[in-house]
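Visitor: sequence first, then the predicted structure:
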Amino acid sequence: MLAADPGASIASIAAEAGVDRRTVYRRFASREDLLAAVYAARLAAIEEAIEDARLREAPVAVALHRYVENVIGVNRTWPVDLTDMLADDTVRARRDALAHEVDVFLDRATDEGLLRAGIPEGWASALLPRLMHLVARQFPALSPAQAADVVVDTLLRGLGTS
């Protein structure tokens, strides 16, 4: 509901969840606390997705597909944008650490020849999340695995060495 309407009220969120708004307020003191919990859950899910993908030790192609599949699942489960929370230093630091982990992995993918060298720095890092966002939101009929196939194929054909 927050993805569709970031300004949704606690009352409408409670109604959608089938509970009274007082139930929501017992758990969250304010709308901002509820949003912070949603964003924290999204960040935790992304951290888990990255850990599960084993970006530093799994074979690059395997890690890439696993990462993309996992993040597409996160994007569908927690379809909220973190942009509004980046003013919070803790949220920004967590998000930046995750982005750094993916950047290191994409450098590894280039070093190992999966991605073509010589593309502008940061291009793969900018393109990959946009591809995942696009397929997660606009192609809901695809399973996360099928969606990951599309994203990885698109990424590698556009940036790959062959």
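Guide: Good, I have the coordinates.
Visitor: all strands for this protein, in order.
Guide: Counting by DSSP state E, the chain forms no strands at all.
Visitor: which stretches of it have low pLDDT?
Guide: 82, 84, 86, 159-162 (pLDDT under 70).
Visitor: so how far is L134 from P59?
Guide: In this view, P59 and L134 are 26 Å apart by CB to CB, to the nearest Å. C-beta coordinates here come from the backbone N, C-alpha and C atoms, glycine included.
Visitor: which of those two has more residues huddled nearby?
Guide: L134 (15 against 11; other CB atoms under 10 Å).
Visitor: just checking, V60 touches D111?
Guide: No: the criterion here is CB atoms under 8 Å, and V60 misses it with D111 at 9.0 Å.
Visitor: the two: which is more packed in?
Guide: V60 (18 against 11).
Visitor: what is the neighbour count of D149?
Guide: D149: 16 neighbours (other CB under 10 Å).
Visitor: which residues touch the residue nearest to it when sequence neighbours are not counted?
Guide: Ranked by CB to CB, 6 or more residues apart in numbering and with sequence neighbours excluded, the top spatial neighbour of D149 is H65, at 7.7 Å. Neighbour list for H65: A148, D149, V152 [criterion: CB atoms under 8 Å, 6 or more residues apart in numbering].
Visitor: could you rerun that using 10 Å?
Guide: A53, A58, P59, A145, A148, D149, V151, V152, D153 (CB atoms under 10 Å, 6 or more residues apart in numbering).
Visitor: leaving out sequence neighbours, find the closest residue to the second one.
Guide: Ranked by CB to CB, 6+ apart and with sequence neighbours excluded, the top spatial neighbour of A58 is R66, at 7.0 Å.
Visitor: surely the one you found meets F105?
Guide: No: assessed by CB atoms under 10 Å, R66 is found out of contact with F105, at 11.0 Å.
Visitor: who has more neighbours out of the two?
Guide: F105 (23 against 19).
Visitor: centroid-nearest residue for this structure?
Guide: Nearest to the mean C-alpha position of the chain, by CA atoms, centre = their mean, lies V71 at 4.7 Å.
Visitor: what about it, distance to D149?
Guide: For V71 relative to D149 (CB to CB), the value is 14 Å.
Visitor: please name the nearest non-neighbouring residue to T110.
Guide: Nearest to T110 is A117, by CB to CB, 6+ apart, at 5.6 Å.
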